[in-house]
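>>> I would like to see how this sequence folds:
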Amino acid sequence: MFDALTDKLGSVLNKLTRRGALTEADVAAAMREVRVALLEADVALPVVKDFIAKVSEQAVGEAVVKSVSPGQMVVKIVHDALVETLGGVAGAAPDIKASFDTAGISLNAPAPVAVLMVGLQGSGKTTTTAKIAHRLQSKDKKRVLMVSLDTYRPAAQDQLAILGKQVNVVTLPIVAGQQPLEIAKRGLAEARTGVFDVVLFDTAGRLTIDDAMMAEVTGVRDLIKPHETLLVTDAMIGQDAVVTAQSFNEKVGITGIVLTRVDGDARGGAALSMRAITGRPIKLIGVGEKVDALDVFDPSRIAGRILGMGDVVSLVEKAVANVDQEKAEKLAARMAEGKFDLNDMLTQLQQIQRMGDMKGLLGLIPGVGQAMKQMKGDIDPKQFKRLEAIIQSMTPKERRVPDIIKASRKQRIATGAGTSVAEVNKLLKQHQQMETVMKRMKKMGGIGALASMFGGGMPGMGGGPGLPPNLPRPPGGFPFKR
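Numbering: from 1, shown residues only. Next comes the predicted model:
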C-alpha cells in the first residue's frame with residue numbers, strides 16, 4: 001500500500017543524506033517535495049500542513065546543523081513525525097509480545113467482552129470478524145462467539161457461519177425472521193450461559209452512510225454496551241475512508257479502526273490521515289485473504305516501512321508464528337553437523353512458504369526492498385512450488401543420496417514434476433552449493449561461529465534484535481523473474 005509513497009520519500013531523503021552539510025534552502029526544497037509526495041498519496045491536507053510544519057521546525061534547528069550527519073538527522077525527524085502522525089510515540093521500542101496479546105482489542109472487562117463491528121457494505125467486515133475471532137482463539141486462548149446481525153445482505157449470516165467452521169469458532173445459530181436487536185439480545189444471553197470470553201457482533205452495512213443504518217447500529221450499541229466498537233474500512237477507497245470514520249465516530253462512537261486490503265495498491269493516505277482526523281487509533285490491518293492475514297497496527301513499524309527501513313520485528317513474529325519449531329531444530333542440528341540432503345531442502349522450502357508472500361517478507365528486511373527495485377526483478381511464488389514438485393518426484397533414496405541421480409533418473413523426475421531436465425539440474429546444483437556451505441560451516445565451528453561473525457545475528461549486525469537462529473532462508477537465494 002505504501003510503495004509509491006516509499007519510493008517518493010526515499011528519493012527525496014536520499015538527496016539529503018548524500019550531502020555533507022544542509023542549508024535552510026536545502027531543507028525547504030526537500031519539504032516541498034515531501035508535501036507533494038504526501039498529497040499525491042491522498043493524505044488529508046490539514047494533516048500534510050501539520051506534518052510539514054513540525055518537520056521543518058526541527059529540521060532547520062541547531063541540532064541538525066551541528067550533527068555529524070545532518071541528512072540522517074532529518075530522516076530521523078521525518079520518521080519520528082510519521083510515528084506521531086500514525087498515533088504512536090516516537091522512540092518507543094516495539095513490543096513483540098504485546099502484538100500477540102488480545103489482537104489489538106482491550107479485554108479489561110468482565111466476560112463476556114462485547115465487541116461491535118461496524119462499517120460500510122463491502123469493507124470486509126464479516127471476514128475481519130472471523131479473522132479477529134481466529135486470532136483471539138488461537139493465539140490468546142480466548143473462547144469466542146460470533147454473532148451476525150446482518151439480516152439484509154443475502155446469505156450474510158450463512159457466510160459468517162461458514163467462516164466460523166473454517167476457523168473453528170462458534171457462531172450463534174440462525175433463527176429465520178429475527179431482527180438485529182432480537183439477535184443481539186439472544187447473542188448476549190448465549191455468551192453468558194456458554195461462558196464465552198468474547199462475543200463479536202457483526203452488524204449490517206450499507207453502500208453509503210444513511211440514518212436508518214446509524215439508528216440500527218446505535219440501538220445495538222445501547223443494548224449490548226460494547227467494550228470495543230471497531231470500524232472496519234477499506235484502504236482502497238482513500239480519503240472516503242476518513243470521511244466514513246468521522247461519520248461513525250460522531251454518530252456511534254468508535255474505539256478503534258481496522259484497515260482492510262492494506263496489501264493492495266491503495267495510496268496509503270487513509271492510514272496517515274485517520275488518527276489525526278478522528279483521534280481514534282488504527283488497531284489492526286488486513287494484509288491478505290487468509291484467516292491469519294491480520295496484523296496489529298504498530299505506528300513505529302509502519303513508519304519504518306514507509307521510509308524503506310524494513311520491519312525486522314514483524315519478520316521475527318512471522319517466523320515464530322509459522323515456522324515448525326521442532327522441524328527447524330532438527331534441521332539446525334543436521335546443518336551444524338554439516339549434513340544437508342534434499343529432504344532438508346524440501347523442509348526448508350515448505351517452512352518458507354508457510355511464512356507467507358515472499359515479496360512481502362523481503363520488504364520487511366532493511367535494505368532488501370530497495371535492492372529488489374534496483375534489480376528490476378519480481379519474485380515468482382510459483383518457483384517454490386516447482387522446486388517442491390521436483391523433490392517430491394524423487395524416491396526416498398534419491399532425496400537422501402542425490403549423487404545417484406543420473407540422466408535417466410533426471411528424465412523421470414522432470415516428467416513426474418511436469419518440468420524440464422534443465423530445471424532438475426538447476427535444483428541439484430543449488431543443493432550441492434548449500435551442502436558445500438554446510439560442510440564449510442562445520443569446519444569453522446558451526447552456525448554459532450557464523451552468527452558471531454555478524455555481531456550476534458542478522459540483521460542487527462552489531463547487536464540489534466537479530467533473527468531467530470532457525471529462521472529459514474530460501475535455498476540457493478531468492479527466485480527472481482528476469
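>>> touching stretch 201-214 from outside, list them.
Residues outside stretch 201-214 that contact it (Cβ atoms under 8 Å, 6 or more residues apart in numbering) are 114-123, 125-126, 129, 146-153, 156, 160, 180, 184, 187, 216-217, 220, 224, 226, 244, 247-248, 251-252. All C-beta atoms are positioned from the backbone trio N, CA, C, and that covers glycine.
>>> ChimeraX command to pick out the buried ones of the residues you listed?
Buried residues within these, by 16 or more other Cβ atoms under 10 Å, are selected in ChimeraX with:
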select :114,115,116,117,118,119,120,123,125,126,129,146,147,148,149,150,151,156,160,180,184,187,216,217,220,224,226,244,247,248,252
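>>> in strands only, show me the contacts of stretch 201-214.
With DSSP state E as the criterion, strands contain 114-118, 146-148 from among the contacts of stretch 201-214.
>>> could those go into CSV alongside distance to R386 and pLDDT?
Formatted as CSV, the ones in strands among the contacts of stretch 201-214 follow (distance: Cβ to Cβ, whole Å; pLDDT from 0 to 100):
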residue, distance to R386, pLDDT
A114, 48, 93
V115, 43, 93
L116, 46, 95
M117, 40, 95
V118, 44, 94
M146, 39, 97
V147, 44, 96
S148, 41, 95
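>>> residue ranges in the stretch 201-350 of the chain under the pLDDT threshold?
Along the stretch 201-350 of the chain, the parts satisfying pLDDT under 70 run over 264-268, 308-325, 327-329, 331, 335-336.
>>> tell me where it has helices.
211-224, 239-251, 269-278, 299-306, 312-322, 325-336, 342-354 (DSSP state H, counting those that start in this stretch).
>>> how far is the fourth one from where the chain is centred?
Averaged C-alpha coordinates place helix 299-306 at 11 Å from its chain's average position (Cα atoms, centre = their mean, to the nearest Å).
>>> got it, and the first one?
With Cα atoms, centre = their mean as the basis, helix 211-224 stands 32 Å off its chain's centre.
>>> let's see it as PDB, backbone CA atoms only.
Taking C-alpha atoms only, helix 211-224 is exported to PDB below (Å, rounded to 0.1, in the frame of the first residue of the first chain):
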ATOM      1  CA  ASP A 211     -29.900   7.400   9.000                       C
ATOM      2  CA  ALA A 212     -31.500   4.000   9.100                       C
ATOM      3  CA  MET A 213     -28.200   2.200   9.400                       C
ATOM      4  CA  MET A 214     -26.900   4.500  12.000                       C
ATOM      5  CA  ALA A 215     -30.100   4.200  14.100                       C
ATOM      6  CA  GLU A 216     -29.900   0.400  14.000                       C
ATOM      7  CA  VAL A 217     -26.200   0.400  15.000                       C
ATOM      8  CA  THR A 218     -26.900   2.800  17.800                       C
ATOM      9  CA  GLY A 219     -29.700   0.700  19.000                       C
ATOM     10  CA  VAL A 220     -27.500  -2.400  19.100                       C
ATOM     11  CA  ARG A 221     -24.700  -0.400  20.800                       C
ATOM     12  CA  ASP A 222     -27.100   0.700  23.500                       C
ATOM     13  CA  LEU A 223     -28.400  -2.800  24.100                       C
ATOM     14  CA  ILE A 224     -25.000  -4.700  24.200                       C
END
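>>> that one: which residues count as buried?
For helix 211-224, by 16+ other Cβ under 10 Å, it's 213-214, 216-217, 220-221, 223-224.
>>> redo these as CSV? Include distance to N343.
What follows is the buried residues of helix 211-224, written out as CSV (distance: Cβ to Cβ, whole Å):
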residue, distance to N343
M213, 56
M214, 59
E216, 57
V217, 55
V220, 54
R221, 56
L223, 57
I224, 53
